[in-house]
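Chemist: just to be clear, the model below is a prediction. Sequence and coordinates:
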Amino acid sequence: MKEIIKSVHITLKEEGELNEVEQELVAAAKEATFRSYAPYSRFCVGAAALLDNGEIVTGNNQENCAYPSGLCAERTTLFYANSRYPDVPVRTLCIAARDTSGSFTKEPISPCGACRQVMLETEHRFGHPMQVMLFGTNGIYFIDSAQDLLPVGFDQDSLV
Ligand code: THU
């Protein structure tokens, strides 16, 4: 028997420790929560993607009365970024959320499994690690790559 241990390296920063671009991304992700369409869960998630061309694109969760037809903020944002700029890598994806009280979550927001899979695909299609920033008022997690969020993920190699 063998053991395989995959660990994840997370840097935790307080808001005061963010550089200018990081501050801009957090502000954009937070702001995007105010344009969420979340009448069912009232959990408003925003995401901001920093592209390799320096542009920041944002998105948010879009719910539907047929619940599974809705989409999370991360996928809305990445699909928009990748459809608008199919050849431009996504350098960083920053995510923030407000809970049903309307306040930003204290703990960093954790992306769902389907979003992690889409994040991994985005990283692979550009052959470029995508940094992930998960915002919480208690601190912001910085994760170097989407791969770290889905260490035993399904990838293109599995199809062959
Ligand atoms: N949601 C996101 O948009 N991103 C996440 O990382 C977690 C969950 C959305 C989906 C749904 O609209 C609401 O939050 C509650 O699950």
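Modeler: That came through, no problem. Numbering: from 1, shown residues only.
Chemist: so Ile95, which of the three states?
Modeler: Secondary structure state of Ile95, per DSSP: H, G, I helix; E, B strand; the rest coil, is strand.
Chemist: ok, now which ones touch it?
Modeler: By Cβ atoms under 8 Å, 6 or more residues apart in numbering, the contact list for Ile95 reads 29, 45-47, 73-74, 109, 111, 132-135. Yep, even glycine has a C-beta here, placed from its N, CA and C like the rest.
Chemist: pLDDT value on it, please?
Modeler: Reported pLDDT at Ile95 in the predicted model: 98.
Chemist: how far away is it from Lys2?
Modeler: 35 Å (Cβ to Cβ, to the nearest Å).
Chemist: if we can go back for a sec, the contacts of Ile95 also near the ligand: which ones?
Modeler: Checked against the ligand using Cβ under 6 Å from any ligand atom, the contacts of Ile95 give the following subset in range: 45, 73-74, 109, 111.
Chemist: how about the residues of the protein near the ligand?
Modeler: Counting by Cβ under 6 Å from any ligand atom, the residues of the chain near the ligand are 38, 41, 43, 45, 61, 63, 70, 72-74, 109, 111-112, 115.
Chemist: strands - which of the residues you listed land there?
Modeler: Of the positions in the residues of the chain next to the ligand, Val45 sit in strands, assigned by DSSP state E.
Chemist: inside helices: which ones of the residues of the chain next to the ligand?
Modeler: Among the residues of the chain next to the ligand, the residues falling in helices (DSSP state H) are 73-74, 115.
Chemist: what about Leu93, neighbour count?
Modeler: Using other Cβ atoms under 10 Å, Leu93 is surrounded by 28 other residues.
Chemist: helices of the chain, start to end?
Modeler: Using DSSP H, helices in the chain cover 20-33, 73-84, 113-126.
Chemist: in TSV: these, plus mean pLDDT, distance to Gln147 and mean neighbour count.
Modeler: Below are the helices of the chain laid out as TSV (pLDDT from 0 to 100; distance: least, Cβ to Cβ, whole Å; neighbours: other Cβ atoms under 10 Å):
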stretch	mean pLDDT	distance to Gln147	mean neighbour count
helix 20-33	98	20	19
helix 73-84	98	15	21
helix 113-126	96	6	18
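Chemist: now those in CSV, with distance to Ile140?
Modeler: Listed next are the helices of the chain as CSV, based on distance: least, Cβ to Cβ, whole Å:
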stretch, distance to Ile140
helix 20-33, 7
helix 73-84, 16
helix 113-126, 17
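Chemist: what's the closest of those to Leu149?
Modeler: When these are compared by Cβ to Cβ, helix 113-126 sits nearest Leu149, at 4.8 Å.
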